[in-house]
Each structure stands twice: as structure tokens, then as C-alpha cells.
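Trainee: Structure for this input, please:
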Amino acid sequence: MSKTVLLTILTITMGWVINTTFAFIFIVEFIIGNLGNGFIALVNCVDWVKRRKVSLTDQILTALAISRTALLWSIFLSWYVSMFNPALFMSEKFSRTLTVTWTVANHFSVWFGTSLSIFHFLKIANFSNSIFLRLKWRVKKVVSVILLVTLVLLFFNTALINIHVNTWINGFERNRTCISISSNFVQFSTLLLFTNTAFTLVPFTLSLTTFILLISSLWKHVKEMQHAAKGSADASTTVHIRAMQAVIAFLLVYAVFFLSYIIPGFRIAYPSGHSCVLILHNSKLRQACVSVLWWLKCRFKDGEPSGHTPFRESS
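Mentor: As a prediction, this is how the structure comes out:
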């Protein structure tokens, strides 16, 4: 067997291994994302039915989980169809529907996440600035206005995406050679990437600014509490350190989100990973998660989860 044949076989094998590994990681992230976001939405909906009321935080979290689930499915559907039915993937109706669906789901996912960041910043941070204090007293109105204004941005974003789709389809119909189709699709993907990145810069900048200001406020408070008397101050310091850790975790996950626009492999990691971070740093969701894991443990051991006292902890 010649070296050329061996090299060809090795190249094909390596390509298969890489594609299989990527597909496995992709599917695992997809499953984790659906379980995490579905869990958040379910817990908040059940709590809403029981209490007959729902807080603004839970409203944002539920809407965020639903939009993230839609985003995950649009990404998964795009990957699946491009792999197993390229002809359908290149069709006008499917491409337009999928692209617009992804744009809308991504828009709400990004802006609900940003609204959650702004809400936590206004609730937790402590500054003496008069503008900040006015916003802090009207936090619900601030979040509502932000979400309403983003609908205007969504309109322009969707309009631009439709223009790009029309341009790509027209180019595809004029020249159907393999080289032309590939070139047009690369240009189309680049335009989509540029457009969505441009519209994402605003919420990303807002989130980054609120994260930095919140970390600054929490760090200042921790330093003040460490110089104060012990006792009740220790408990407050612990709470603020945990809050600061949560903010840093959110910031790291958000950095992964922005990388997803550059590296496609990260595209599904953000909506999946962020749901896990939200569960870990929300006392109600964490408590519900512990209860579910305990119940599953008993089920696997053929035991009955009777007499169980729900796990309680402070937020």
C-alpha cells in the first residue's frame, strides 16, 4: 500500500474522529441546555401556580429560559439539516425561516440576559450617584422600558437579515455552480455574522459595564465589612463574596457567548452553560435541583423518597 493511500486513509479517519467528537459534544451540550432551561422554566411556573404571583426576577428567568430553549433548537436544527439534508438546508423557505427564527430567539435570549444583569446591578450595587439612585428606585420600569426599546432593534435586525437572505437567494438562482454556491454561502454567513455581532454589541457593552460596576461595588463593600466588627458583619461579607463570585461566573460565561460569534463551536455552549450557572447561584432553583437529584437517587436505589424534608438554605 502506497504512502499516498495511507495518508488518504489517515486523513479520512482523522476527519471522521473530529466530526464524531464534535457531534458528541454538541449533542451533550444540547441535552444539558434543554434540561437546564426546561428546569428553570418548570420550577418558576410551578412556583407561580402555587403562590399566584411571580417576582420580576422569576419572570425574566422564565422568559430567558424559554428563549434559550428556542435558540438551542434552532441551532440544533440548523446543524442536523446541514449534515443530513443539505438540499433542504439550501432551500429558500427553510433558510429564511431558520435564519429569522434564530435571530428572534437570539435577540430575546441576549436582551433577557442583559435585563437580568441590569436588574441585579440596580438591586445589589450601592452608589451615591443621583442618577443611579433614581434608576434603583424605578428598577421595574427601567427593565420594562429596556425590553420595549429592544423591539425596535429587533425590527431593524430582522429587516437586515431578510435583505441578506434575499441577496443570497438571488445570487444562488443566477449561478448554481458548486463554486458559486459555496462562495455565495460564505458571503451570506459573513454578512449574518457581521449583522448579529453589530446588534449584540449594545447588550454586551451594557452587561459588561454593569458587571464591572457591580464587582467594584461589591469589592468596596467587602473591604468595608472586613474592617468592621465581626459577628453579623461576617455573614454579610460572606453573602457579598458569594454574589461577587456569581457575577464573575456570569462575566466568564458571557465572554464565551461573544466568542461564539467568532468560533462556531462555542455557539451552543453559552445558552447551555449559562442555565447551569443560573441554577447554581439562585437559592430557589438550587434547592429544587437538590430535591430532584435526591428523588432520582432514591428511584435508582429502588427506594421511596418519603419523609424527605426539602433542602433549605439562605439566598
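Trainee: Can you list the buried residues in stretch 141-157?
Mentor: Within stretch 141-157, the residues that qualify as buried are V142, V143, I146, L147, T150, N157, counting by 16 or more other CB atoms under 10 Å. Where you see a C-beta, it was placed from the backbone N, CA and C, and this is true even at glycine.
Trainee: tell me the pLDDT at T150?
Mentor: If you check T150, the pLDDT there is 94.
Trainee: S109 too?
Mentor: On pLDDT, S109 comes in at 91.
Trainee: Show me what the helix or strand hosting it packs onto, helices and strands only.
Mentor: Assigned by DSSP states H and E, S109 falls within helix 92-124. In terms of contacts (3 or more CB pairs under 8 Å, 6 or more residues apart in numbering; DSSP states H and E), helix 92-124 is packed against helix 56-84, helix 130-137, helix 139-174, helix 178-227, helix 232-259.
Trainee: now it and helix 178-227, what's the angle there?
Mentor: Interaxial angle of helix 92-124 relative to helix 178-227 (axes from the mean of the first three to the mean of the last three CA atoms, to 10 degrees): 10 degrees.
Trainee: Please state the offset of helix 92-124 from the chain centre?
Mentor: 8 Å (CA atoms, centre = their mean, to the nearest Å).
Trainee: Next, the buried residues of it.
Mentor: In helix 92-124, counting by 16+ other CB under 10 Å, buried: 94-96, 98-122, 124.
Trainee: what's the closest non-adjacent residue to the residue nearest the centre of the chain?
Mentor: With distances taken as CA atoms, centre = their mean, P271 lies nearest the centre of the chain, 3.0 Å away. What sits nearest to P271 in space, not counting adjacent residues and going by CB to CB, 6 or more residues apart in numbering, is R68, at 4.2 Å.
Trainee: do K123 as well
Mentor: Once flanking residues are discounted, K123 sits nearest to V139: 6.4 Å by CB to CB, 6+ apart.
Trainee: repeat for T150
Mentor: Closest residue to T150 apart from its sequence neighbours, by CB to CB, 6+ apart: W111 at 4.6 Å.
Trainee: go on, L251?
Mentor: In space, and not counting its chain neighbours, L251 is closest to F211: 4.7 Å by CB to CB, 6+ apart.
Trainee: wait, the one you found sits on A249?
Mentor: No - using CB atoms under 8 Å, F211 is not in contact with A249, being 10.4 Å away.
Trainee: Within the helices and strands, which one has the residue nearest to the centre of the chain?
Mentor: Element membership for P271, per DSSP H and E: helix 269-280.
Trainee: still on that earlier bit, which residues touch the residue nearest to T150?
Mentor: I146, L147, T150, P203 (CB atoms under 8 Å, 6 or more residues apart in numbering).
Trainee: and the gap between the last one and L213?
Mentor: Summarising the geometry, the distance separating P203 from L213, computed by CB to CB, to the nearest Å, is 16 Å.
Trainee: can you list contacts of stretch 69-84?
Mentor: Residues outside stretch 69-84 that contact it (CB under 8 Å, 6+ apart) are 23, 26, 30, 33-34, 37-38, 41, 88-89, 94, 98, 101-102, 104-106, 109, 267-268, 271-272.
Trainee: Now it: average pLDDT?
Mentor: Average pLDDT, stretch 69-84: 90.
Trainee: Report the distance from it to the chain centre.
Mentor: So, by CA atoms, centre = their mean, the centroid of stretch 69-84 is 16 Å from its chain's centroid.
Trainee: all numbers from here: first residue = 276
Mentor: Let's use 276 as the start, then, which means that last one is stretch 344-359.
Trainee: Now that stretch: buried residues?
Mentor: Within stretch 344-359, the residues that count as buried by 16+ other CB under 10 Å are T344, A345, L346, L347, W348, S349, I350, F351, L352, S353, W354, V356.
Trainee: OK, contacts around the residue nearest to L526?
Mentor: Each residue near F486 by CB under 8 Å, 6+ apart is listed here: S392, F396, V522, F525, L526, Y529.
Trainee: Could you tell me which residues within stretch 316-333 count as buried?
Mentor: Under 16+ other CB under 10 Å, the buried positions of stretch 316-333 are A316, V318, N319, D322, T332, D333.
Trainee: Distance from that stretch to the middle of the chain?
Mentor: Chain-centre distance of stretch 316-333: 20 Å, with CA atoms, centre = their mean.
Trainee: picking up where we left off before, and the buried residues of stretch 316-333, which is closest to T470?
Mentor: Nearest to T470, judged by CB to CB, of the buried residues of stretch 316-333 is A316 at 28.9 Å.
Trainee: So that closest one sits against S342, correct?
Mentor: No - using CB under 8 Å, A316 makes no contact with S342, being 10.2 Å away.
Trainee: Can you get me a residue count around P361?
Mentor: 10 (other CB atoms under 10 Å).
Trainee: Good, we can wrap up now.
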